[in-house]
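Undergrad: need a structure here:
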Amino acid sequence: MIEVMNLDTGAIWGFSAKTPYEAMTKLKYSLDLKHRDPDARINKTESGRCLYMDHSGNTWSVINQ
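TA: Okay, here's the model as predicted:
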């Protein structure tokens, strides 16, 4: 189980995934079911320590292990 956090609201979604990138991909799919955001992209910080995505005005993040 990998948890992805909404940095704006503090909400946490858990995904059954092998990698943080897979969890973010599942998050994007789930969020797009409610409101598709064609500009949403999975990014990583300069250090590569975290993955993040801005989707519909909210920023989601996960530690990239």
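Undergrad: so Arg28 sits in a helix?
TA: Rather than Arg, residue 28 is Lys. Yes: inclusion of Lys28 in a helix is indicated when DSSP: H, G, I helix; E, B strand; the rest coil is applied.
Undergrad: Okay, helices next: where are they in this structure?
TA: Residue ranges of the helices in the chain, as given by DSSP state H, are 20-34.
Undergrad: farthest residue from the center of it?
TA: Here the chain reaches farthest from its C-alpha mean at Ser47, the gap being 17.0 Å by Cα atoms, centre = their mean.
Undergrad: Name the nearest residue to the residue positioned nearest the centre of the chain, ignoring sequence neighbours.
TA: Geometric centre of the chain, nearest residue: Met24, 4.0 Å, by Cα atoms, centre = their mean. Closest residue in space to Met24, ignoring its immediate chain neighbours: Ile42 at 4.7 Å, by Cβ to Cβ, 6 or more residues apart in numbering. For every residue, glycine as well, the C-beta is placed using N, CA and C.
Undergrad: Now for the one you found: which residues touch it?
TA: Tyr21, Met24, Thr25, Lys28, Leu51, Tyr52, Met53 (Cβ atoms under 8 Å, 6 or more residues apart in numbering).
Undergrad: Model confidence for it, exactly?
TA: With respect to pLDDT, Ile42 scores 97.
Undergrad: what's the answer for Ser56, then?
TA: Reported pLDDT for Ser56: 92.
Undergrad: now Gln65
TA: Gln65 is assigned 80 on the pLDDT scale.
Undergrad: Contacts only, for the nearest residue to it once chain neighbours are set aside.
TA: Spatially, and ignoring its direct neighbours in sequence, Gln65 is nearest to Pro20 (6.2 Å; Cβ to Cβ, 6+ apart). Contacts for Pro20 (Cβ under 8 Å, 6+ apart) come out as Ile2, Leu51, Val62, Ile63, Asn64, Gln65.
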